[in-house]
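**Student:** For reference, the sequence and a predicted model appear below.
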Amino acid sequence: MYAYIEGIVAEIGEKTAVIDNHEIGYEIFMPLTSLQKLVHNETVKVYTYYQSNDNGTALFGFLSKEEKRIFTLLISVSGVGPKGAISILSVLSAEDLTYAIIGENVKAITAAPGIGTKAAQKIIVELRDKLDLEDVVMESIGENATGTTSSQTSFGAMKNNVLLGLTALGFSNADAIKALNEVEVNEDMTEETLLKEALNKLKR
């Protein structure tokens with residue numbers, strides 16, 4: 001019904017934002033990570049998903065098409081509703097969630113409030129073959145306009161390069177992602193050190 005809504009940020013709440021478009025205020029449920037990027041009285045473009053059921057109607061919004069796509073995949077999993085998907089995307093970016101799913105990192109997904117082990121395992125089983133990590137990373141690299149910092153962008157590219165390097169060395173995609181998930185990262189980490197740390201994890 002609504003592909004996106006572009007307007008002025010009128011209100012920012014704990015779970016929703018109100019976007020003023022031509023003097024109509026649209027209340028939109030958004031991930032916490034997206035809400036934290038909004039600025040009062042600034043213009044923003046929010047990609048939306050409209051839900052209508054017996055309990056009423058609601059709008060869910062995202063600052064990128066990729067995040068919206070991941071959201072729609074999440075709610076395709078039986079037992080995962082829109083608010084559960086928003087909860088997951090409030091603690092994991094679309095890129096990190098993709099790493100978690102492909103790398104079968106149940107712990108990362110259960111960090112979201114209300115998402116238990118069984119639900120996380122179901123998400124992994126049903127979505128791991130539907131996600132393309134490279135597409136997600138490249139999408140995130142192109143999203144500076146939505147608040148992604150240059151350091152976040154460069155790290156996303158670095159992480160993808162290391163993943164490609166590990167698979168070129170003969171490691172499986174899943175094993176390489178698991179190793180990357182286990183590495184404790186910091187702002188000073190370089191591509192070379194990230195590769196070395198991941199290799200150490202894989203040699204165990």
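**Tutor:** Cool, the structure landed.

**Student:** strands paired with the lengthiest strand in the chain, and their directions?
**Tutor:** Once the chain is assigned using DSSP state E, the strand that runs over the most residues is strand 43-53. Each strand that pairs with strand 43-53, with its direction, by DSSP bridges: strand 4-12 (antiparallel), strand 56-62 (antiparallel).

**Student:** Only the buried residues of the longest one, if you could.
**Tutor:** Spelled out, that is strand 4-12. In terms of neighbour count (16 or more other CB atoms under 10 Å), strand 4-12 has its buried residues at Ile5, Gly7, Val9. Quick note: C-beta positions are derived from backbone N, CA and C, even for glycine.

**Student:** swap in the last one?
**Tutor:** Along strand 56-62, the positions that meet the burial threshold by neighbour count (16+ other CB under 10 Å) are Ala58, Leu59, Phe60, Gly61, Phe62.

**Student:** next SSE after it?
**Tutor:** The C-terminal neighbour of strand 56-62 among helices and strands, as given by DSSP states H and E, is helix 65-74.

**Student:** Could I get the buried residues of strand 4-12 in CSV, plus columns for distance to Ala176 and pLDDT?
**Tutor:** Conversion of those to CSV gives the following (distance: CB to CB, whole Å; pLDDT from 0 to 100):
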residue, distance to Ala176, pLDDT
Ile5, 39, 96
Gly7, 42, 97
Val9, 39, 97
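
**Student:** hmm, back to that, specify the stretch among the strands paired with strand 43-53 that is closest to Phe171.
**Tutor:** Of all these, it is strand 56-62 that lies closest to Phe171, at 32.3 Å by CB to CB.

**Student:** Tell me where the chain has helices.
**Tutor:** Taking DSSP state H as the criterion, the chain contains helices spanning 32-35, 65-74, 82-91, 94-102, 106-109, 117-127, 133-141, 150-168, 173-182, 191-202.

**Student:** On the pLDDT front, check the residue of the chain most remote from its centre for me.
**Tutor:** Here the centre of the chain is the reference, and by CA atoms, centre = their mean the most remote residue is Glu23, at 30.7 Å. Reading off the per-residue confidence, Glu23 sits at a pLDDT of 93.

**Student:** One more: Leu180?
**Tutor:** Here the pLDDT value assigned to Leu180 is 83.

**Student:** Just name the shakiest helix or strand of this structure by mean pLDDT.
**Tutor:** The weakest-scoring helix or strand in the chain, judged by mean pLDDT, DSSP states H and E, is helix 133-141 (a mean of 54).

**Student:** How many neighbouring residues does Asn21 have?
**Tutor:** Around Asn21 there are 14 other residues, counting by other CB atoms under 10 Å.

**Student:** Name the nearest residue to it, ignoring sequence neighbours.
**Tutor:** Leaving aside its chain neighbours, Asn21 sits nearest to Gly7 (3.5 Å; criterion: CB to CB, 6 or more residues apart in numbering).

**Student:** Show me the shaky parts of this structure.
**Tutor:** When residues are selected by pLDDT under 70, those of the chain lie in 132-155.

**Student:** Tell me how the chain divides into domains.
**Tutor:** Domain ranges of the chain: 4-64, 149-204, per automatic domain parsing.
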